[in-house]
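Novice: Curious how this folds, go ahead:
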Amino acid sequence: MAKMGTSRTCGKFFAVLLLITAGTGNAVAQSTNCAECWNGVTQWHGTWNLTLTGSSLNNSSQGTFDISNGVYSTTGSGSVSSSFPGCCTCSGSGPLDSSSAVEIIINPTNCTYTLNLSDRIKYAATFPPPVGTIQTIEACSGEGAVPIGTIPQAALPYFPLPDYGDSLVESGSYSVTAPAVGCYAGASATLTISWNIEPMVDTGPPKFTHIPVGGFLGCNPDDVDLPDISKVLDDTDGTAPSGQVSISADEVDVTNDCTVTMSFTLTATDECTDKEATALVVYSFTQDTDPPMVAGVPAGGDLGCNPTNPPVDASILVLLTVTDNCGVASTNVSHADMTNGCTVTRTFTITAGDDCGNVSSPATAIFTWTQDTTRPTITGVPAGTSLGCNPDNLPTDASVKALVQANDNCGVATKTVSHVDSTDGCTVTRTFTITVADNCGNVSLPSTVVYTWTADTAPPGFLLLPPGGYLGTNPPCLPDDGAIAAQSQATDNCGVSTVTASHADSGDTNLFTRTFTITATDFCGNSHSAIVLYTWSGTAGGAASAPILGIQELGNNFLLFWPTNADCFCLITRTGLTSGIWTAVTNTPAVSGNRFMVTNNAAGPLRLYRLAK
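Specialist: Predicted coordinates:
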């Protein structure tokens with residue numbers, strides 16, 4: 001029997017007692033930890049639907065409930081309709097009364113459960129014409145909360161619990177007996193009920209709250225420092241939504257060359273859902289006592305002069321091939337430089353180490369080079385000079401080189417002499433360019449030596465000669481060498497140095513002959529001569545007295561003058577003080593009193609003037 005509610009009469013506290021006669025069912029445990037798992041559920045959410053029908057009864061209810069840590073709340077609605085002949089009629093419908101309650105009872109021994117339900121609504125009581133005593137009529141009047149389909153404890157059978165976390169779903173019809181109460185004689189009834197109750201639990205997987213970090217144990221660790229399953233489990237914690245968790249571990253060791261890997265697979269199991277979470281903890285260490293081997297060390301050598309990119313640690317490093325049975329951790333290249341004069345020596349020291357601190361024997365590579373950026377200095381060269389005319393032995397590159405002197409901080413390697421010739425008229429200029437280079441290709445500033453000479457083998461030619469001829473009888477003035485030379489004009493490809501004249505007289509009073517030999521000579525001594533003859537009759541002629549040539553400054557001009565009785569003389573000029581060709585002044589003299597006068601400009605080069613016959 002299960003008591004579903006209490007009442008006194010069909011009045012204010014009308015009660016219906018229901019007796020469940022269905023079987024108790026067979027309990028089947030669904031979990032190895034039923035008590036620990038299901039008893040740990042503190043929150044539920046469910047719905048129900050029931051009807052209670054029988055003689056004079058037609059009740060129903062449906063609703064929703066929530067339970068949290070033993071505190072319940074219900075919402076829903078129901079109806080009640082009961083007619084008791086000779087007594088009263090109770091009827092009502094609407095929302096459930098706040099006194100309604102629900103309870104889930106779990107039997108952890110066999111992992112079953114049952115349900116207690118008290119569903120109540122407000123009702124109104126009416127009654128027909130009086131039957132019985134007035135006291136009975138008054139007892140049936142009024143209104144109150146009436147049970148609809150209350151299921152008292154132990155009224156329903158125990159049902160097997162499903163797998164942890166699954167919903168509790170049941171439905172069925174059960175025969176009940178409503179005993180006589182007050183003016184109700186009692187009768188049999190049928191209770192039809194269904195529910196779907198969801199445990200509010202987390203069915204997710206368990207979680208690890210702490211696991212060992214694992215990692216690299218270094219090189220050649222002692223056995224006492226190695227992990228094992230016991231040490232790993234001692235350092236592992238976990239949790240599960242149900243609160244029931246167990247942790248196990250498996251170990252797999254793998255050796256790959258020098259690396260030993262110890263892998264621990266941790267498994268956390270939720271004892272209520274059998275869901276698992278796994279984690280992998282990996283330790284590794286290196287077993288290695290052999291040093292690396294270094295190959296590809298360069299042979300070194302002489303790099304010449306001022307190498308643009310002398311070897312450095314990085315460039316040596318890329319040439320190396322380093323092997324190790326367990327892998328190379330680092331290859332170290334360092335160098336030291338030593339300078340002796342112009343020679344630099346760079347010595348590289350090469351070592352390689354592995355992760356376990358094993359280091360190879362050092363290897364060396366030595367490079368040398370000459371460090372020299374200073375130019376050589378030329379300290380002595382020929383002076384150069386003018387070689388005159390048509391020299392027989394001209395200076396050459398070889399003859400000049402033999403006279404060159406130079407020095408350098410690292411030694412002179414080569415002397416280079418070259419020349420170019422240029423000709424300006426008859427003047428040849430030979431310019432030697434001299435440089436000196438050292439063994440590093442540094443070249444001195446160039447030095448020059450200049451020789452000049454005149455290349456001229458062609459004799460001069462005459463442009464103008466005195467006409468010569470017959471001078472008549474007893475001429476007052478006879479031409480002399482100076483006058484003839486002054487009246488002669490010569491030309492030369494390289495310039496005329498001198499024009500001279502000499503004469504020889506012959507004949508008698510019938511006819512005298514003066515033969516002038518006029519010679520033009522250039523600067524290289526090449527000469528050419530011409531003959532001019534003058535003749536006259538009478539006496540051999542006398543020597544005219546030499547007139548005096550005067551000069552007077554006239555502002556920017558100057559005045560030359562001489563006596564008019566010197567009609568045998570002409571005015572001649574030249575620019576050189578001690579050399580040059582005398583030429584006739586072409587200005588026509590003016591006559592003033594007893595003087596010839598010629599006016600010339602004072603500007604221009606210095607000139608010499610004289611009178612010549």
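Novice: just the helices in the stretch 151-300 of the chain please.
Specialist: 229-234 (DSSP state H, counting those that start in this stretch).
Novice: show me where pLDDT drops low in it?
Specialist: Applying pLDDT under 70 to the stretch 151-300 of the chain flags the ranges 151-155, 177-187.
Novice: any idea where the strands of it begin and end?
Specialist: Secondary structure of the stretch 151-300 of the chain by DSSP state E, counting those that start in this stretch: the strands cover 159-160, 168-181, 184-199, 207-210, 215-219, 237-239, 245-256, 259-270, 276-286, 293-295.
Novice: In TSV: those strands, plus distance to residue 525 and mean neighbour count.
Specialist: Backbone N, C-alpha and C define where each C-beta goes, glycine included. What follows is the strands of the stretch 151-300 of the chain, written out as TSV (distance: least, C-beta to C-beta, whole Å; neighbours: other C-beta atoms under 10 Å):
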stretch	distance to residue 525	mean neighbour count
strand 159-160	152	17
strand 168-181	148	16
strand 184-199	142	18
strand 207-210	122	13
strand 215-219	103	14
strand 237-239	126	16
strand 245-256	106	13
strand 259-270	104	19
strand 276-286	103	17
strand 293-295	83	15
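Novice: Pipe those into a markdown table and attach distance to residue 524 per row.
Specialist: As requested, the strands of the stretch 151-300 of the chain are exported to a markdown table (distance: least, C-beta to C-beta, whole Å):
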| stretch | distance to residue 524 |
| --- | --- |
| strand 159-160 | 147 |
| strand 168-181 | 143 |
| strand 184-199 | 137 |
| strand 207-210 | 118 |
| strand 215-219 | 99 |
| strand 237-239 | 122 |
| strand 245-256 | 101 |
| strand 259-270 | 100 |
| strand 276-286 | 99 |
| strand 293-295 | 80 |
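Novice: looking at the ones you listed, which is closest to residue 307?
Specialist: Closest approach to residue 307 among the strands of the stretch 151-300 of the chain (C-beta to C-beta): strand 293-295, 24.4 Å.
Novice: Quick one: closest of the strands of the stretch 151-300 of the chain to residue 590.
Specialist: Closest among the strands of the stretch 151-300 of the chain, once you apply C-beta to C-beta, is strand 293-295, at 111.5 Å.
Novice: What strands flank the closest one, and is each parallel or antiparallel?
Specialist: strand 321-323 (antiparallel) (DSSP bridges).
Novice: helices and strands around the helix or strand just after the partner strand, which ones?
Specialist: Later in the chain than strand 321-323, the nearest helix or strand by DSSP states H and E is strand 328-340. Secondary-structure packing of strand 328-340 (3 or more C-beta pairs under 8 Å, 6 or more residues apart in numbering; DSSP states H and E): helix 313-317, strand 343-354.
Novice: could you give the angle of the longest one to strand 328-340?
Specialist: Spelled out, it's strand 343-354. 170 degrees (axes from the mean of the first three to the mean of the last three C-alpha atoms, to 10 degrees).
Novice: Walk me through the domains of the protein.
Specialist: Annotated domains of the chain cover 34-199, 207-286, 293-370, 377-454, 461-612 [automatic domain parsing].
Novice: Settle this for me: residue 423 is touching residue 455, isn't it.
Specialist: Yes: counting by C-beta atoms under 8 Å, a contact exists between residue 423 and residue 455, whose distance comes to 7.5 Å.
Novice: These two: which has the busier surroundings?
Specialist: residue 455 (14 against 9; other C-beta atoms under 10 Å).
Novice: so what's that one closest to, chain neighbours aside?
Specialist: residue 428 (5.1 Å; C-beta to C-beta, 6 or more residues apart in numbering).
Novice: Low-confidence ranges, this protein, go.
Specialist: 1-33, 82-90, 122-155, 177-187, 540-546, 565, 567, 577-580, 594, 613.
Novice: re earlier: to residue 232, which of the helices and strands packed on strand 328-340 lies closest?
Specialist: Closest among the helices and strands packed on strand 328-340, using C-beta to C-beta: strand 343-354, at 28.9 Å.
Novice: Helix, strand, or coil at residue 456?
Specialist: coil (DSSP: H, G, I helix; E, B strand; the rest coil).
Novice: That one contacts residue 389, doesn't it?
Specialist: Yes: using C-beta under 8 Å, residue 456 is in contact with residue 389, at 6.2 Å.
Novice: between the two, who's got more neighbours?
Specialist: Neighbour comparison, residue 456 and residue 389: the larger count goes to residue 456, with 22 against 17 (by other C-beta under 10 Å).
Novice: give the contact list for the more buried one.
Specialist: 389, 390, 426, 492, 493, 494, 522, 523, 524, 526 (C-beta atoms under 8 Å, 6 or more residues apart in numbering).
Novice: and with 7 Å instead?
Specialist: Shown in contact with residue 456 (C-beta atoms under 7 Å, 6 or more residues apart in numbering): 389, 390, 426, 493, 494, 522, 524, 526.
Novice: Filter the residues you listed down to the ones in helices?
Specialist: With helices taken from DSSP state H, there is no overlap with the contacts of residue 456.
Novice: highest average neighbour count across the domains of the chain?
Specialist: Ranked by mean neighbour count, those are led by domain 34-199 with a mean of 18 (mean count of other C-beta atoms under 10 Å).
Novice: end-to-end on it?
Specialist: 14 Å (C-alpha to C-alpha, to the nearest Å).
Novice: What is the end-to-end distance of stretch 99-118?
Specialist: 8 Å.
Novice: before we move on, what about stretch 532-551?
Specialist: 33 Å.
Novice: same thing with stretch 465-476?
Specialist: 22 Å.
Novice: so what sits against both of residue 456 and residue 389?
Specialist: residue 524.
Novice: Before I go, just wanted to say thanks for your time.
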